[in-house]
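> Fold the following and give me the result.
(chains A and B, ligands or ions: 2)
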There are 2 protein chains.
Amino acid sequence: MIQVGIIGVGTVGESVAQILEANRDIISARAGKEIVVKKGVVRNLSRARDVDIPLTDNVDEVLDDPEIDIVVELMGGVEEPYRVVRKALQNGKAVVTANKALLAYHRYELQETAGELPFEFEASVAGGIPIIKALREGLSANHIESIKGIINGTANYILTKMMNEGVDFEPVLKEAQELGYAEADPTFDIGGFDAAHKLLILASIAYGIDAKPEEIMIEGIEQITQADIGFAKEFGYTIKLLGIAKKVGEFVELRVHPALVPQSQMIAKVDGVMNGISVIGDKVGETMYYGPGAGGDATASAVISDIIAIARGGKASPMLGFKRPLESGLKLLGRESIVSKYYLRLEVADRPGVLAKVSQVMGEQNISIETMLQKPGQEGSASLLLATHACEERAMQEALKALFELESVKERPMMIRMEA
Amino acid sequence: MIQVGIIGVGTVGESVAQILEANRDIISARAGKEIVVKKGVVRNLSRARDVDIPLTDNVDEVLDDPEIDIVVELMGGVEEPYRVVRKALQNGKAVVTANKALLAYHRYELQETAGELPFEFEASVAGGIPIIKALREGLSANHIESIKGIINGTANYILTKMMNEGVDFEPVLKEAQELGYAEADPTFDIGGFDAAHKLLILASIAYGIDAKPEEIMIEGIEQITQADIGFAKEFGYTIKLLGIAKKVGEFVELRVHPALVPQSQMIAKVDGVMNGISVIGDKVGETMYYGPGAGGDATASAVISDIIAIARGGKASPMLGFKRPLESGLKLLGRESIVSKYYLRLEVADRPGVLAKVSQVMGEQNISIETMLQKPGQEGSASLLLATHACEERAMQEALKALFELESVKERPMMIRMEA
Ligand SMILES: NC(=O)c1ccc[n+]([C@@H]2O[C@H](COP(=O)([O-])OP(=O)(O)OC[C@H]3O[C@@H](n4cnc5c(N)ncnc54)[C@H](OP(=O)(O)O)[C@@H]3O)[C@@H](O)[C@H]2O)c1
Ligand SMILES: NC(=O)c1ccc[n+]([C@@H]2O[C@H](COP(=O)([O-])OP(=O)(O)OC[C@H]3O[C@@H](n4cnc5c(N)ncnc54)[C@H](OP(=O)(O)O)[C@@H]3O)[C@@H](O)[C@H]2O)c1
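Numbering: from 1, shown residues only, chains lettered A, B, ... in the order given. Ligands and ions are numbered 1, 2, ... in the order given. Modelled structure (predicted):
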């Protein structure tokens, strides 16, 4: 028998307790022993919960209980769970968490504290998809060349609706909020921050890179319009919010932003609230993992898979780069040096000479244009849609500044990166 | 240090030796120790190999070497590798194999012989995709409701070409043979037998069911024509060779056959030589795994992931149902009792009364028709395309017999099962 304490019995915690009960047969068969929830911790003891486990509002009743083997942290937040998880590890308990925000900031310190103790977090990225086990164990023979993930269901739901139904961003967001797919304050999801947390976790597993959210490129989907979606469709692309980790020589680039993805790619076919992660390994080539990125039961499925692995006595390989610098000590590539192709939309005055001016600005930054398309806009104006060849972010940012300074360019230019 | 013997240094074996060398840094970091190939076994010692390991043509030099910890079986076949693997296990060695034919027949005996010794076979299904780890570990909290897999790249390549380019079966097969995607004798791939071997392995992991290939429904793709593909396209389907394992009450149904799959499903989007497996767990819902199903390096990636797991001292959960009857002792559902929807194509004489006759036959078997479509055929004949509601295989087989006996039905009716 192995005893578990669940800190946080909310959406996910409740599902964990319920599934451990409902699927007891198969779970204990796979774990090789009974898994028993000894106690759950909540803030508000007076609220009814749909679980049959003893509850407390005192976290120390779990942390200091010598009979509890595994602490499952499902409370959310960053600093409070950091203290809780640290204390659990210091008290010699294995820890399982689904908390991507915690891991985005404290994964290396906690891994250090854990030492040889299991410290598992399959549920922290892409909910029910076993992507961390795939990266860590399934692809363990490979150097990872790149990871591209649709790892925020809310953003993907909104973009899918915008693509399929021709609706604008604002009404779709409102609908997503009404359906419970988006929070009242949706910044975290649509601004790319949640995806960035998850990307950092994946990048740690693959590259052992210890970056913080503040250090990487994060852009959201708020600016995307039907004009951009029209261009995407016309040229065989779809628009997805991607988290990208890529090895470039001695560097790793990490970025979250909306991207034009060719419709033929598997990842382009991941629609609605679903998540999907494409991983390219140097030996295996591309593999892709698809499934529900959130929801109580789906997330609990991943939490319990970690509990079972611990119960079986398995040792996970820690994040790369932890203790043992690996991949010859990869460094974070500066934002400015990231190379990409770009799509631009310029709202310009519809008069002669504009095209020449735009081309000149691009030329000054050594950016060559691959496709250019002019569409009539409102009275006296036009939309200039263009796709560039690959260039550095630095050059593109200079070009965007110079373009916006052109007299004939009426709004801040729209830019979306393009994935090959 | 852990020492490995590779029995069979062909396509996959060569890649295993090469990758262990090329990715030594990351592999030993993840394994926690050096992995050294002490010896490889081949039949023909005089043929040059592109690997730098000592070779022998005497398998006992590996099996009886007390320094070898892991035997990697990559020789192919069934009875010869069975003896080899059994002896390796009896000599106390861990075993890794990619041999699906061996496992289709002997997986339970070998698991028994293995006892507590690691006996791993990630590479045996879907090459580089870590589907076995996903089922065993990633989804370990779930009862598996169904598995649907595109697990034969050759068949999928042919069907994709037929769908996309309007070409008939024979010329596409010939092309696939010229490109090396299909063997000179392609029966094994296009007849569904290879997919059946893999399906049995997946079903053992998920359900602990000990069926043999001869006991399950296996149909190939040889009969599919452009007429069927036309119907599929018209009604929003694609045609895929699927391996299906599904829990139905106390039973498991196992079947391999071409199927009409709605284009909206993720698995319908798996094209060309790629593999994809959709798994539905009772708690997580649908997850899908995509990647290369064959090829030396992709397959070796999976073989090495097993070697690394063994080196780390991990214990895999054995197949369900092994030793400990699970899922309340699931039994194999008889072919006759499998329930499905069906598509039929009848080449009929184009004269009054035919439709009535066909409807009558279906009615006698209590099969109701969902869609019916008549297309003009060659002089005096017509194609009758119809989709049924769900019924038992037994009823459908009776109906097919009766239909073929109708005077106005000119050829053996074509039938393809439909997946919802
Ligand atoms: N929901 C998902 O689909 C999903 C998916 C992936 C990952 N996650 C992650 O899983 C974690 C939990 O998410 P959730 O959706 O389950 O959150 P939730 O529904 O808000 O539940 C949080 C639980 O933690 C308890 N709690 C919060 N602060 C506490 C404190 N200081 N002391 C004791 N108990 C405390 C709450 O108690 P009260 O009930 O008394 O307020 C509640 O039971 C988060 O890190 C989240 O990012 C969630
Ligand atoms: N190729 C793939 O993409 C792939 C994918 C998934 C799984 N698999 C499985 O992996 C296994 C190996 O496939 P493969 O494509 O690598 O086969 P292969 O290229 O034919 O190689 C077989 C190797 O085994 C050796 N061998 C055969 N019989 C032997 C015996 N009795 N004693 C000693 N050595 C013997 C052969 O020696 P010689 O070289 O001297 O003839 C050869 O080196 C098979 O079970 C296959 O189903 C293959």
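> Now stretch A:192-204: average pLDDT?
For stretch A:192-204, mean pLDDT rounds to 97.
> Show the backbone phi and psi for the closest residue in space to residue A:94 that isn't next to it in sequence.
Spatial nearest neighbour of residue A:94, chain neighbours left out: residue A:118 (4.1 Å); criterion: C-beta to C-beta, 6 or more residues apart in numbering or on different chains. Bear in mind the C-beta positions are built from the backbone N, C-alpha and C, glycine included. In terms of degrees, to the nearest 10, the main-chain angles of residue A:118 are phi -60, psi 130.
> ok, now which ones touch residue A:118?
A:70, A:94, A:95, A:96, A:306, A:309, A:310, A:314, A:315, A:316 (C-beta atoms under 8 Å, 6 or more residues apart in numbering or on different chains).
> Kindly state the beta-bridge partners for the fourth one.
Here residue A:96 sits in beta bridges with residue A:72, residue A:120, as judged by DSSP bridges.
> now check whichever strand or helix holds residue A:89, is it near ligand 1?
Take DSSP states H and E as the rule and residue A:89 turns out to sit in helix A:79-90. Yes: among the residues of helix A:79-90, residue A:80 lie within reach of ligand 1 under C-beta under 6 Å from any ligand atom.
> and that helix, how far from the chain's centre?
Its chain's C-alpha centre and that of helix A:79-90 lie 23 Å apart, by C-alpha atoms, centre = their mean, to the nearest Å.
> got the contact list for that helix?
Contacts with helix A:79-90, where a contact means C-beta under 8 Å, 6+ apart, come from A:7, A:59, A:62-63, A:71, A:73, A:75, A:95, A:97, A:99, A:102, A:105-106, A:109-110, A:113-115, A:117, A:119.
> Check stretch A:183-194 too.
Taking C-beta under 8 Å, 6+ apart as the rule, stretch A:183-194 contacts A:100, A:151-152, A:154-155, A:158, A:173, A:176-177, A:182, A:213, A:218-222, A:241, A:256-257.
> quick one: the most far-flung residue of chain A relative to its centre and chain B, what's the gap?
Taking C-alpha atoms, centre = their mean, the residue of chain A most remote from its mean C-alpha position is residue A:352, at 44.2 Å. According to C-beta to the nearest C-beta, to the nearest Å, residue A:352 and chain B sit 45 Å apart.
> so how far is residue B:284 from the closest residue to residue A:331 other than its chain neighbours?
Nearest residue to residue A:331, sequence neighbours excluded (C-beta to C-beta, 6+ apart): residue A:251, at 5.4 Å. Separation of residue A:251 from residue B:284 (C-beta to C-beta, to the nearest Å): 35 Å.
> which of the contacts of stretch A:183-194 are buried?
Applying 16 or more other C-beta atoms under 10 Å in any protein chain shown to the contacts of stretch A:183-194, the neighbour count classes A:100, A:151-152, A:154-155, A:158, A:173, A:176, A:182, A:213, A:218-222, A:241, A:256-257 as buried.
> Counting only helices, which of those make the cut?
Counting by DSSP state H, those place A:100, A:154, A:155, A:158, A:173, A:176 in helices.
> Identify the residue spatially nearest to the second one, adjacent ones excluded.
Take residue A:154 and drop its neighbours on the chain: the residue closest to it by C-beta to C-beta, 6+ apart is residue A:189, 3.9 Å away.
> Wait, a strand at the one you found?
No: secondary structure of residue A:189 (DSSP: H, G, I helix; E, B strand; the rest coil): helix, not part of a strand.
> Look up phi and psi at the residue in chain A positioned nearest to ligand 1.
Closest residue of chain A to ligand 1, C-beta to the nearest ligand atom: residue A:10 (1.7 Å). Here is the backbone geometry of residue A:10 (degrees, to the nearest 10): phi -100, psi -140.
> just residue A:238 next, same as before
Torsion angles at residue A:238 (phi, psi; degrees, to the nearest 10) stand at phi -130, psi 160.
> Contact partners for it?
So residue A:238 contacts A:163, A:232, A:260, A:261, A:263, A:268 (C-beta under 8 Å, 6+ apart).
> Closest to residue B:28 out of the residues you listed?
For the contacts of residue A:238, the residue nearest residue B:28 by C-beta to C-beta is residue A:261; the value is 35.6 Å.
> Show me what the helix or strand harbouring the closest one is packed against.
Counting by DSSP H and E, the element that carries residue A:261 is strand A:251-262. Packing contacts for strand A:251-262, counted by 3 or more C-beta pairs under 8 Å, 6 or more residues apart in numbering or on different chains; DSSP states H and E, involve helix A:193-207, strand A:217-218, strand A:237-248, strand A:331-332, strand A:414-418.
> quick one: residue A:271 and residue A:156 touch, right?
Yes: contact criterion C-beta atoms under 8 Å: residue A:271 and residue A:156 qualify, at 7.2 Å.
> neighbour count winner among these two?
Each of residue A:271 and residue A:156 has its neighbours counted (other C-beta atoms under 10 Å in any protein chain shown); residue A:156 has more, 26 against 19.
> check contacts around the more buried one.
Applying C-beta under 8 Å, 6+ apart, the residues contacting residue A:156 are A:150, A:240, A:241, A:270, A:271, A:272, A:273, A:274, A:275.
> let's see it at 10 Å
A:150, A:181, A:189, A:195, A:221, A:240-242, A:270-276, A:293 (C-beta atoms under 10 Å, 6 or more residues apart in numbering or on different chains).
> Farthest-apart pair in the residues you listed, please.
Maximum distance among the contacts of residue A:156 (C-beta to C-beta): 18.9 Å, for A:181 and A:242.
> ok, these two, which is more surrounded?
Legend: neighbour count by other C-beta under 10 Å for residue A:181 and residue A:242, higher for residue A:242 (28 against 22).
> Is the closest residue to that one other than its chain neighbours bridged to anything, and to what?
Excluding its sequence neighbours, the residue lying closest to residue A:242 (C-beta to C-beta, 6+ apart) is residue A:259, at 4.7 Å. Partner residues in beta bridges with residue A:259, using DSSP bridges, are residue A:240, residue A:417.
> What is the burial count for residue A:259?
24.
> any idea how far residue A:414 is from residue A:156?
Distance of residue A:156 to residue A:414, given as C-beta to C-beta: 20 Å.
> now swap in residue A:343 and tell me
Per C-beta to C-beta, residue A:343 is found 8 Å from residue A:414.
> okay, and the common contacts of those two?
A:228, A:231, A:385.
> For the residue nearest to residue A:288 when sequence neighbours are not counted, give me phi and psi.
For residue A:288, ignoring the flanking residues on the chain, the nearest one in space by C-beta to C-beta, 6+ apart is residue B:290 at 4.0 Å. Backbone torsions of residue B:290, given as degrees, to the nearest 10, read phi -130, psi 140.
> which residues touch residue B:290?
Counting by C-beta under 10 Å, 6+ apart, residue B:290 touches A:266-267, A:269, A:276, A:278, A:286-290, B:126, B:129, B:131, B:150, B:266-267, B:269-270, B:274-278.
> repeat that with 6 Å
A:266, A:288, B:276 (C-beta atoms under 6 Å, 6 or more residues apart in numbering or on different chains).
> so who does the residue nearest to the spatial centre of chain A touch?
Geometric centre of chain A, nearest residue: residue A:195, 2.7 Å, by C-alpha atoms, centre = their mean. Residues in contact with residue A:195, defined by C-beta under 6 Å, 6+ apart, are A:151, A:152, A:243, A:256.
> So what's the residue count around the third one?
By other C-beta under 10 Å, the residues close to residue A:243 number 29.
> measure it to residue A:194 for me?
Using C-beta to C-beta, residue A:243 is found at 10 Å from residue A:194.
> Thank you, goodbye.
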